[in-house]
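Q: Provided below for reference: sequence and predicted model.
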Amino acid sequence: MLEMSENPSLEVFTLIGHAIADGFGAADMSGGGNQETMVEEVKSLLVDLIEEKAVKWTRWFGVAAMFTTGCDTIVRDSPGGRGLTELAAFQYGGLSVLASWLKVDQRLQVQGRFGLQCAAASIDGMSDHTGYLHCEGRYFPTAPTTSVADGAWQWSETLEDDETRAEVTSVIFRTGVSSYRLVFIVETFLAGSLKAVRPFDPSMALLGHCHARWATCNCTGGATHEVPSTGAPLQVSNFETILSDWDPLRRSGMQASKALRSHLNINIALSLCYMGSVLRTKGTCENCAVRAVSELPSPEHLADTGGIPLRMITTVVGVDYGDTNRLLGPATVGI
């Protein structure tokens with residue numbers, strides 16, 4: 001039985017911390033450290049929730065990692081000014097806790113996205129006894145893309161399967177005492193030839209899923225529709241072009257991918273339009289797909305910059321994306 005302090009408040013916050021770790025999927029906990037320090041981190045998490053109405057991934061994952069490993073070191077927020085985003089893994093001695101969304105070649109689900117994996121081993125490339133691994137979030141500058149004028153878009157192109165194969169290589173750099181940087185490098189190959197290279201932030205892929213919505217089509221009888229005018233340039237991209245040209249913050253009109261055939265390619269594309277996109281299957285008509293894109297909300301904090309890039313991603317039948325992951329709008333919490 002876990003021995004509790006005589007301080008009821010301390011006991012309550014300690015139980016909340018264990019409940020958070022349990023909710024992340026931790027099966028066990030290591031011997032607890034300084035209880036007061038760990039409880040302070042739980043209190044900070046609740047302050048974010050009550051005052052800012054925000055659920056911050058790094059804060060929640062940090063609490064879960066502390067109560068799972070028994071480490072009483074306060075997990076530091078990601079130093080965003082240095083190009084880093086979310087906390088992806090935490091190491092304490094011979095125990096490692098990794099974010100569940102690091103499996104970028106599998107389907108990322110919005111439901112249950114706050115999860116961890118615990119391993120009785122250190123992380124290869126991390127030599128400190130206590131180590132924090134954050135994702136690299138800095139994107140390389142990209143060249144502007146020549147867009148196709150509205151009305152000249154060949155919708156049949158979006159139904160073509162994209163044959164581009166992607167591979168991901170992970171590299172860990174030490175950036176300071178106990179601080180590490182995780183860089184995912186994506187390479188694309190077509191017909192055996194290397195085509196494009198770009199860093200990839202897996203935490204943004206999950207955020208892209210949270211802010212995506214599915215295009216629904218209620219049309220019957222195979223009727224054809226006139227594609228509505230959007231007043232913006234349009235472009236159909238294969239995966240190589242997506243990796244080279246898509247910019248999460250640049251307003252560049254409406255864009256669509258060809259039919260992406262793997263979870264990895266879909267997750268990478270979502271990471272490059274993490275503030276809003278539309279997913280469609282081959283069975284969704286063009287009219288309904290364009291309407292769904294035009295209805296995407298623009299984040300309030302980008303109102304003065306012209307909003308967000310409008311993008312549409314096409315998936316294919318056979319890739320496991322369905323109603324269980326369909327969203328009616330952007331999520332109210334972020335990571």
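A: Sure thing, it's come through.

Q: is residue 169 within a helix or a strand, and which one?
A: Secondary structure assignment for residue 169, by DSSP states H and E: strand 165-176.

Q: partners of that strand in the sheet?
A: Paired with strand 165-176 in the same sheet, following DSSP bridges, are strand 179-190 (antiparallel).

Q: buried set for the partner strand?
A: Neighbour counts over strand 179-190 (16 or more other C-beta atoms under 10 Å) mark 179, 180, 181, 182, 183, 184, 186, 188 as buried. For glycine as for every other residue, the C-beta is placed from the backbone atoms N, C-alpha and C.

Q: can I get those residues in CSV with pLDDT and distance to residue 272?
A: Converted to CSV, the buried residues of strand 179-190 look like this (pLDDT from 0 to 100; distance: C-beta to C-beta, whole Å):
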residue, pLDDT, distance to residue 272
179, 88, 26
180, 91, 24
181, 90, 20
182, 92, 18
183, 91, 16
184, 92, 13
186, 90, 10
188, 87, 13
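
Q: how about those in JSON lines, adding distance to residue 48?
A: Shown next, in JSON lines, are the buried residues of strand 179-190 (distance: C-beta to C-beta, whole Å):
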{"residue": "179", "distance to residue 48": "22"}
{"residue": "180", "distance to residue 48": "24"}
{"residue": "181", "distance to residue 48": "24"}
{"residue": "182", "distance to residue 48": "24"}
{"residue": "183", "distance to residue 48": "28"}
{"residue": "184", "distance to residue 48": "27"}
{"residue": "186", "distance to residue 48": "32"}
{"residue": "188", "distance to residue 48": "38"}
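
Q: quick one: which of those residues is nearest to residue 269?
A: Checking these against residue 269 by C-beta to C-beta gives residue 186 as the nearest, at 10.7 Å.

Q: contacting residues for the spatially closest residue to that closest one that is not a sequence neighbour?
A: Excluding the flanking residues, the one nearest residue 186 by C-beta to C-beta, 6 or more residues apart in numbering is residue 200, at 4.6 Å. By C-beta atoms under 8 Å, 6 or more residues apart in numbering, the residues touching residue 200 are 104, 168, 184, 185, 186, 268, 271.

Q: circling back to that earlier point, contacts for the strand holding residue 169 next, please.
A: Applying C-beta under 8 Å, 6+ apart, the external contacts of strand 165-176 come out as 82, 104-105, 123-128, 133, 180-190, 200, 239, 243, 262, 264-265, 268.

Q: with only the CA atoms kept, save it in CSV.
A: Backbone C-alpha positions of strand 165-176 (Å, rounded to 0.1, in the frame of the first residue of the first chain) are rendered in CSV as follows:
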residue,chain,number,x,y,z
ARG,A,165,7.8,6.2,-51.2
ALA,A,166,8.9,7.9,-48.0
GLU,A,167,11.5,6.9,-45.4
VAL,A,168,12.2,8.5,-42.0
THR,A,169,15.6,8.6,-40.3
SER,A,170,15.8,9.8,-36.6
VAL,A,171,18.8,11.6,-35.2
ILE,A,172,19.3,12.8,-31.6
PHE,A,173,21.5,15.8,-30.8
ARG,A,174,22.6,16.8,-27.3
THR,A,175,21.9,20.6,-26.9
GLY,A,176,22.8,21.0,-23.3
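
Q: list the buried residues for it?
A: Neighbour counts over strand 165-176 (16+ other C-beta under 10 Å) mark 165, 166, 172 as buried.

Q: which non-adjacent residue is nearest the last one?
A: Read it as residue 172. Nearest non-adjacent residue to residue 172, counting by C-beta to C-beta, 6+ apart: residue 125, 3.5 Å away.
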